[in-house]
Each structure stands twice: as C-alpha cells, then as structure tokens.
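Q: pasting the sequence and the predicted coordinates here, then a few questions.
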Amino acid sequence: MNIPTKVLSKDILDSIKRTRPVYAFGRRVRFALGSRLGARVVPGLGGRAHYNDFMLSSTDAEHVGGYRRGARQFVELLGRSLGEAGRDWSSIDACLEVGCGYGRIVRELRDRLDPSRIYVTDVIEEGARFTASEFGASAIPLIESSAETMPGKFDLVYLLSVYTHLRRDLVARNLAAVARAMKSGGVAVFTTHGQGSAETAERYEQYWLDKGAVLQGMSAEGYYYERYPYYYDEYGLTWFRRDAMQALVSEAAPELEFIAHHPMALDGHQDLFVFRKR
Ligand SMILES: C[S@@+](CC[C@H](N)C(=O)[O-])C[C@H]1O[C@@H](n2cnc3c(N)ncnc32)[C@H](O)[C@@H]1O
C-alpha cells in the first residue's frame with residue numbers, strides 16, 4: 001500500500017494555515033497518524049522511511065532522488081569541511097547531528113562513518129529515536145540540556161537547516177551547548193540562510209513573508225527572523241549576514257574559531273559555516 005506523505009495541495013494547505021488553531025489541530029492529527037503507521041520501504045532509499053519524515057515530500061522517484069541527492073551532497077560538504085579544518089573522516093570517533101529529523105543525512109552518512117560513532121538529537125524525539133533504531137546511531141537528549149553531561153565528547157557536530165529556523169537567542173543558546181560538547185580540535189558545521197537567500201526569498205513561496213522586510217532586517221542588523229504565523233512554537237524562517245553570524249559565534253561560543261564560510265553552498269541557497277574548537 002502506498003500512502004502519500006503529503007495529501008493536500010499547497011493552496012488548500014495555505015488556506016488552512018491562515019487559521020492557526022485549525023492548522024495546529026490538523027498537523028497534530030497528521031503526525032499522530034504518521035506515528036501510528038511508522039515506517040515503510042521506499043524504492044530508491046536504503047533503509048525504511050518514516051511516515052512523519054517531513055523532508056520526504058512524496059515517494060515519487062523525482063522527490064526520492066532529490067531527497068537522497070541533497071543528503072549526499074551535504075555529506076560531501078561535511079568531508080570538505082573536515083579537510084578545511086585539518087581533519088578527515090578517519091579521525092572522527094564521535095559525530096553528532098543536532099536536528100536529525102527522521103534520519104535523511106544519517107542514512108547516507110553511514111557510508112562514511114560507522115553508525116556506532118554517530119549520535120543524533122532532535123526536538124522531535126520520535127525522529128531521533130527512529131534515526132537511532134533504523135540506522136544504528138545513538139539518540140541523545142537535546143544538546144541544550146545534555147552538553148553539561150558530555151563535555152568534550154564530539155569530534156564533529158553538524159546542523160543542517162536548523163539555524164535557518166531559530167530566533168537569534170535560541171541559536172546562541174544552541175551554539176554555546178554545541179561548543180561545550182565538542183572536543184578541542186573538534187569541528188562544527190552548520191548552514192544558514194544568508195544574503196543570497198534573502199535576495200531570493202520568494203523561492204520559499206510563503207504567503208506571509210515580506211521580502212522587503214527580510215532585506216531591510218539584513219541591511220540594518222544583519223539578521224531577520226519571523227515565526228511561522230501558523231505555529232505556536234518559536235520556529236520560523238531566519239536569515240543571518242555572514243558578519244552577524246560570526247559576531248554571534250564569538251559572543252555565544254568564543255572557544256570556536258572561524259574556518260570557512262561558503263555562501264549558497266548547499267543546494268544553491270543555504271550558506272555553510274565551518275568552525276573549529278580551540
Ligand atoms: C528543517 S529540519 C532539517 C532536518 C535534517 N537536518 C535534514 O536536513 O534532513 C530542522 C530540524 O531541526 C530540529 N530542531 C530545531 N531546533 C532544534 C534544537 N534546538 N535541537 C535539536 N533539533 C532541533 C527540528 O525539529 C527539525 O527536525
């Protein structure tokens with residue numbers, strides 16, 4: 001049986017999103033159903049895919065191909081980032097993905113790193129649990145609460161499309177915890193929406209987003225954040241200019257030294273930052 005991941009058209013979904021309680025209720029029901037259904041085999045993917053995997057928009061060959069390509073490309077970028085920081089895969093004993101979702105990246109990372117060396121965490125605990133059980137990684141509690149219990153543990157910590165959604169103070173809190181959990185000489189890699197993304201903000205096709213306001217925030221403060229109007233949680237779309245992100249890292253996690261910034265390196269729209277712990 002092939003149950004589609006997304007059942008509503010964008011237009012219908014957008015009109016539901018305009019009434020927050022209705023959208024929130026529908027989303028809860030959708031996730032509860034996905035949790036009930038669990039995981040299934042999807043042709044073209046190694047390992048099963050969870051019904052709640054929001055990164056897999058459908059099981060069409062085209063979407064599955066894009067899902068895999070994006071993940072493989074990111075694993076390649078991780079390898080390049082390690083090289084820029086003077087490391088390589090063979091020197092990574094413990095690697096943590098913060099914001100692993102339902103394992104899109106770990107599914108591919110297993111080709112580079114033995115799963116016994118991979119740790120994952122996510123606000124969506126079900127996602128972290130699934131990633132761990134399906135791909136042989138280990139799930140840990142949120143890094144904001146667990147870093148103190150595992151200082152200096154990780155050689156590599158990465159976050160893909162996480163700081164692209166968080167308000168600045170939450171990014172700062174997360175960065176401080178990530179730095180605490182890293183080994184000296186460890187490498188942090190994360191993506192952001194940068195200036196190039198702001199200049200092409202229409203690509204996100206968000207009916208509520210004012211591109212002029214994004215550009216204004218970027219030029220005035222080097223930062224713009226807006227919560228998804230249909231969410232109750234503090235979660236939305238975030239942009240950082242390169243200098244603003246570097247300033248934030250210096251303030252929140254001064255033990256991290258800047259290694260590299262690659263504008264629009266991921267999929268031609270997210271920026272990629274590399275830092276190393278002193
Ligand atoms: C856009 S998704 C990306 C998922 C995955 N990195 C990928 O690219 O396939 C962002 C993920 O970050 C998670 N997230 C947001 N804030 C987080 C935090 N403070 N700690 C851990 N996960 C977080 C969300 O729950 C979500 O699963």
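A: Thanks, I have the structure now.
Q: drop to CA atoms for contacts and neighbour counts, all remaining ones
A: Will do.
Q: quick one: the lengthiest helix in the chain to chain centroid distance?
A: Counting residues, the longest helix found in the chain (DSSP state H) is helix 61-84. For helix 61-84, the gap between its own C-alpha mean and the chain's C-alpha mean amounts to 13 Å (Cα atoms, centre = their mean, to the nearest Å).
Q: in space, what's closest to residue 124 - neighbours in sequence excluded?
A: residue 101 (7.1 Å; Cα to Cα, 6 or more residues apart in numbering).
Q: the one you found - how many residues pack around it?
A: 27 (other Cα atoms under 10 Å).
Q: ok, residue 168 - contacts?
A: The contact partners of residue 168, taken as Cα atoms under 8 Å, 6 or more residues apart in numbering, are residue 225.
Q: paired strands for the helix or strand harbouring residue 276, with orientation please.
A: Residue 276 belongs to strand 270-277 when assigned by DSSP states H and E. In the sheet, strand 270-277 lines up against strand 182-193 (antiparallel), strand 256-266 (antiparallel) (DSSP bridges).
Q: most tightly surrounded among those?
A: Looking across those with neighbours counted as mean count of other Cα atoms under 10 Å, the highest average goes to strand 182-193: a mean of 24.
Q: what's the following helix or strand after that strand?
A: That would be, after strand 182-193 and using DSSP H and E, helix 195-199.
Q: about what we covered before: what angle do the strand holding residue 276 and helix 61-84 make?
A: Angle, strand 270-277 to helix 61-84, by axes from the mean of the first three to the mean of the last three Cα atoms, to 10 degrees: 30 degrees.
Q: so does strand 270-277 get close to the ligand?
A: No: using Cα under 6 Å from any ligand atom, strand 270-277 stays clear of the ligand, with a minimum separation of 11.3 Å.
Q: stretch 195-209 now?
A: No: using Cα under 6 Å from any ligand atom, stretch 195-209 stays clear of the ligand, with a minimum separation of 12.8 Å.
Q: and that stretch, end to end?
A: 16 Å (Cα to Cα, to the nearest Å).
Q: give the buried residues for that stretch.
A: Within stretch 195-209, the residues scored as buried using 16 or more other Cα atoms under 10 Å are 195-198, 201, 209.
Q: which SS state does residue 100 fall under?
A: coil (DSSP: H, G, I helix; E, B strand; the rest coil).
Q: quick one: pLDDT of it?
A: Note on residue 100: pLDDT of 98.
Q: how much space separates the nearest residue to residue 48 once chain neighbours are set aside from the ligand?
A: In space, residue 48 comes closest to residue 41 once its chain neighbours are excluded; the distance is 4.6 Å by Cα to Cα, 6+ apart. Counting by Cα to the nearest ligand atom, to the nearest Å, the gap from residue 41 to the ligand is 18 Å.
Q: with residue 249 instead?
A: In terms of Cα to the nearest ligand atom, residue 249 sits 16 Å off from the ligand.
Q: contacts only, for that residue.
A: Contacts of residue 249 (Cα under 8 Å, 6+ apart): 172, 175, 256.
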